[in-house]
Every structure is written in C-alpha cells, then in structure tokens.
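Trainee: sharing a model that was predicted from the sequence below.
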Amino acid sequence: GQQVQQSPASLVLQEGENAELQCNFSTSLNSMQWFYQRPGGSLVSLFYNPSGTKHSGRLTSTTVIKERRSSLHISSSQTTDSGTYLCALERTGGYKVVFGSGTRLLVSP
Amino acid sequence: EAAVTQSPRNKVTVTGGNVTLSCRQTNSHNYMYWYRQDTGHGLRLIHYSYGAGNLQIGDVPDGYKATRTTQEDFFLLLELASPSQTSLYFCASSDAVNQDTQYFGPGTRLLVL
C-alpha cells in the first residue's frame, strides 16, 4: 500500500479562509519535506521539517513522528496560494524519498 | 538565477525513439535525482547519484538509464521510448550534508507517440 497518504485530495477555499493539509505515513522516516507546485508545474520547497513545528509567513508545518503525520497550515489564504501541495518523506534504512499524491488547492476571490 | 536547469523543456518523440534529458545544477551539490510525475502517482524516483560517475537505482528504473558525467550534469536516457514513458520529468539536487532539502528544476514534458 501507499506509504504516504495526503488529504484532502482537493480543496476549494474562499480567499481569507484557512487550510489544513495532512500527510500521513506508514513507514519510519528520517525527514519530511513540503513542496508547493505551481499550476505551471514548477516545484518550490516550502519546509524541511523532520520533527516539530516551523513557520514561514502564513505557512506552518508540524511533524509528529510518533503519530506518523505531518501537517501544513495555510492561514488567510490568497488566490496566489492555488496549486498543488506535496509532502515527501525520506525513509530510514537507506536513501529513498517517497512523495504523496498531493493536495490540489483552489482559492477563489 | 536558476540553480537547477533542465533541457529540453518539452519533447515529442515516437515509440522506439531515443531521448536524452539533461539536467545541470550550479548548487555545488553532490546529490542529483531524476523523478517522473504522473497523475495519481505523485513524484516517483527513477535514478539518483551522489557524485560524478555514481548511479543509484530508484523506485521506477525500468526503461531508463542515467549517467552523471560531472558534479553539475546528470542525464536521463530513454533508449527505446514507449508511450508509458509519457510524463513530466523533474531533476533535483541536494547537499550531501543535508540531503533531504531538494531543489528542483522546472521540469521536462515528454510525449511519446
């Protein structure tokens, strides 16, 4: 089965609303990373967060290893936040990065 | 200035064709990776390398070869392209010390007819 599950698969928000994106994993990990993929396809690294909470502007990432989950919180969403959010984990026991299928976010004005 | 570049950005070939995708990074990173992205699968690792002359097999290597000629350059080769290899291909690099922070190129869209 899939080692990384992202939810929801898609999300529609009104501008100004908050979003909580989830990444659950079924394997032990060395690290967790969140990416934003623009509608045109390019990928931008948002967070490298193996554990704990990190903040960057309106974004907050929280990884709880013992619960095997990581979340990405977007506050006061903007239309420019629209795109796909991907989580990726590096498994323990040798280098292998596994990506989730992503959450497609649409923020409407 | 973009630190990871890919070429070509778009490519169309026919079944059985020979395709080479190029990636260059100017981050002075040791690690480089090739991924493919398909609807419903997210990104999947094809091959990766931790230095010139080194090659490691990823999760979906069948039908692909790769070669790391220098620290900067990593090539993905499809010697007998098939329609199943139609995909969006990403190259990435990361620091040897902090190998989990990856920096991605803009992607190459490949269509195999």
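Mentor: Yes, it's here. Computed from a prediction, not measured in an experiment: that's the story for all the values here.
Trainee: tell me the pLDDT of A:Lys96.
Mentor: For A:Lys96, the model assigns a pLDDT of 69.
Trainee: correct me if wrong: B:Gly53 contacts B:Arg68.
Mentor: Yes. With contact defined as C-beta atoms under 8 Å, B:Gly53 counts as touching B:Arg68 (6.4 Å). Quick note: C-beta positions are derived from backbone N, CA and C, even for glycine.
Trainee: gap between the helix or strand where B:Arg109 lies and the chain center?
Mentor: Using DSSP states H and E, B:Arg109 sits in strand B:108-112. Taking C-alpha atoms, centre = their mean, to the nearest Å, one finds strand B:108-112 lying 12 Å from the centre of the chain it belongs to.
Trainee: repeat for stretch A:40-49
Mentor: That offset, for stretch A:40-49, works out to 9 Å (C-alpha atoms, centre = their mean).
Trainee: how about stretch B:95-113?
Mentor: Here stretch B:95-113 is found 6 Å from its chain centre; the criterion is C-alpha atoms, centre = their mean.
Trainee: same question for stretch B:35-51.
Mentor: Using C-alpha atoms, centre = their mean, the offset of stretch B:35-51 from its chain centre is 8 Å.
Trainee: sorry, back to before: so B:Gly53 and B:Arg68 - more neighbours on which side?
Mentor: B:Arg68 (22 against 9; other C-beta atoms under 10 Å in any protein chain shown).
Trainee: where in the chain is the helix or strand with the lowest mean pLDDT?
Mentor: All of this is about chain A. When each helix and strand of chain A is scored by mean pLDDT, DSSP states H and E, strand A:97-99 comes last, with a mean of 83.
Trainee: correction: the question concerned chain B.
Mentor: strand B:102-104 (a mean of 87).
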